[in-house]
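Participant: Give me a model of this one.
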Amino acid sequence: MVLTICIGDIHGYMDKLERVWLNLQHELRESFEDSTVIFLGDYCDRGPDTAKVIDFLVSLPELHPSQKHVFLCGNHDFAFAAFLRLLPPPPDSFSLSDTWKEFYKNEEREGWWSGEGYEEMHIQGRRWAGHIRDRYNVKKGMDYKGSIYDAAPTFESYGVAHGDGGLIKAVPEKHKKFLQDLVWVHEEEVDTSDPEMSRTKLIAVHAGLEITKSVEEQLNVLYNRDVTFPRVEALSGRKNVWEIPIELSEKRIILVSGHHGTLHMDKHRLIIDEGGGLEHLPIAALVFPSRTIVRDTDSHI
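Facilitator: Residues are numbered from 1 along each chain as shown. Next comes the predicted model:
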């Protein structure tokens, strides 16, 4: 039986990532080396070690060649890639500046980035590197770290100041390739502990799928990595992607995501983001088929 591991949002915390990885090795023993590991996205921002985190992730295929590694794109990773000009190219008739139109009213408050080359940048890249006017994040009960995405620590992890366009040169090529290659959705057959079905399909996507839209249409957007949307709801949504679409639950398909800053364990809808990028909260991982939760804070002494 091949185990499937889903690891929640890392947000630049290298120490937490190393501990949860070691705890998974301890918990799963020999099975760990043959497992499928799905990272649910948001590798950057908030924590101090984005560059080290991506270095670690890039090294995994060589260090653990028998494992299968899947790296999903989170909304923070999308925005980071947008600033570095690494998003998939839009259709010939589309300019990335078209993504600004719907949200112009937020430009001043969010302090969108307007450095060299901003004219052809996706809105999320401009928001990511901007300087938000309101310093305090009421929802999180903490100050913003530079931008609405809390991107300042990511800049600093590469040795440049927040908002400095020199970040493009400072990011190593292997990190750029990692960001370019991130997938927006992943489907996997997994073993389950449900006595009514030994295996089922798992769909992994960073935030979830909207219940009011066709699943097929949403998957097409994700597999095509369509950058014409100013906001990709499956990567960035909140309330609209919390529930599982009825057509998936009827087929007993499991939908798993991170993004929401909580641990939610339903039969077919799983959210694995206990830390939410906050320093005092853990990174969690989910193991199939047992549905065991492993955290960086677990002790095996």
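Participant: is it true that residue 73 touches residue 207?
Facilitator: No. Using CB atoms under 8 Å, residue 73 is not in contact with residue 207; the gap is 10.6 Å. (Each C-beta comes from the backbone N, C-alpha and C, glycine too.)
Participant: Find the residues that touch each one of these two.
Facilitator: Common neighbours of residue 73 and residue 207 (criterion: CB atoms under 8 Å, 6 or more residues apart in numbering): residue 235.
Participant: quick one: buried residues of stretch 265-277?
Facilitator: 268, 269, 270, 271, 272, 273, 274, 275, 276, 277 (16 or more other CB atoms under 10 Å).
Participant: Secondary structure and distance to residue 65 added to those residues, as CSV?
Facilitator: Converted to CSV, the buried residues of stretch 265-277 look like this (DSSP: H, G, I helix; E, B strand; the rest coil; distance: CB to CB, whole Å):
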residue, secondary structure, distance to residue 65
268, coil, 32
269, strand, 33
270, strand, 28
271, strand, 31
272, strand, 25
273, coil, 28
274, coil, 29
275, coil, 29
276, coil, 32
277, coil, 30
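Participant: any idea which of the residues you listed is the one closest to residue 163?
Facilitator: Residue 163 lies nearest to residue 277 out of the buried residues of stretch 265-277, by CB to CB, at 19.7 Å.
Participant: residues in contact with the closest one?
Facilitator: By CB under 8 Å, 6+ apart, the contact set of residue 277 is 9, 11, 12, 42, 45, 46, 47, 150, 261.
Participant: On the three-state scheme, residue 255 is what?
Facilitator: Following DSSP: H, G, I helix; E, B strand; the rest coil, residue 255 is assigned to strand.
Participant: who does it bridge with?
Facilitator: residue 203, residue 269 (DSSP bridges).
Participant: going forward, begin numbering at 49 instead of 1
Facilitator: In the new count, where the first residue is 49, that last one comes out as residue 303.
Participant: list the contacts for it?
Facilitator: 250, 251, 253, 256, 257, 292, 293, 296, 316, 317, 318.
Participant: Looking at the residues you listed, which one is closest to residue 145?
Facilitator: The nearest member of these to residue 145, counting by CB to CB, is residue 253 at 26.8 Å.
Participant: And the residue positioned nearest the centre of the chain, how far from residue 207?
Facilitator: Taking CA atoms, centre = their mean as the criterion, residue 89 is the residue nearest the geometric centre of the chain, at 2.0 Å. Using CB to CB, to the nearest Å, residue 89 is found at 24 Å from residue 207.
Participant: One more: residue 175?
Facilitator: Counting by CB to CB, the separation of residue 175 from residue 207 is 23 Å.
Participant: Looking at the two, which has the bigger crowd around it?
Facilitator: Between residue 175 and residue 207, counted using other CB atoms under 10 Å, residue 175 has the larger neighbour count: 26 against 11.
Participant: quick one: the more buried one is in a strand?
Facilitator: No. Counting by three-state DSSP, residue 175 is not part of a strand but helix.
Participant: what sits against it?
Facilitator: If you count contacts by CB under 8 Å, 6+ apart, residue 175 has them with 127, 158, 160, 161, 195, 196, 197.
Participant: Out of these, who's the most crowded?
Facilitator: Most surrounded of the contacts of residue 175: other CB under 10 Å gives residue 127, at 28 neighbours.
Participant: so that one is in which element?
Facilitator: Taking DSSP states H and E as the criterion, residue 127 maps to helix 123-131.
Participant: contact partners of that helix?
Facilitator: 59, 89-93, 121, 135, 144, 161, 169-170, 172-177, 197, 199, 202, 215-216, 227-228, 230, 254-255, 280, 283-284, 307.
Participant: wait, residue 101 sits on residue 58?
Facilitator: Yes. Residue 101 lies in contact with residue 58 (CB under 8 Å); the separation is 5.6 Å.
Participant: More neighbours: which of the two?
Facilitator: residue 58 (32 against 24).
Participant: Relative to residue 107, how far out is the more buried one?
Facilitator: From residue 58 to residue 107 the distance is 14 Å (CB to CB).
Participant: now residue 214
Facilitator: 25 Å.
Participant: Show me which of the contacts of residue 303 are buried.
Facilitator: Buried by 16+ other CB under 10 Å: 250, 251, 253, 256, 257, 292, 293, 296, 316, 317, 318, out of the contacts of residue 303.
Participant: Next, count neighbours for residue 259.
Facilitator: So residue 259, with other CB under 10 Å, has 16 neighbours.
Participant: which ones are touching it?
Facilitator: Applying CB under 8 Å, 6+ apart to residue 259 gives the contacts 288, 289, 291, 292, 293, 294.
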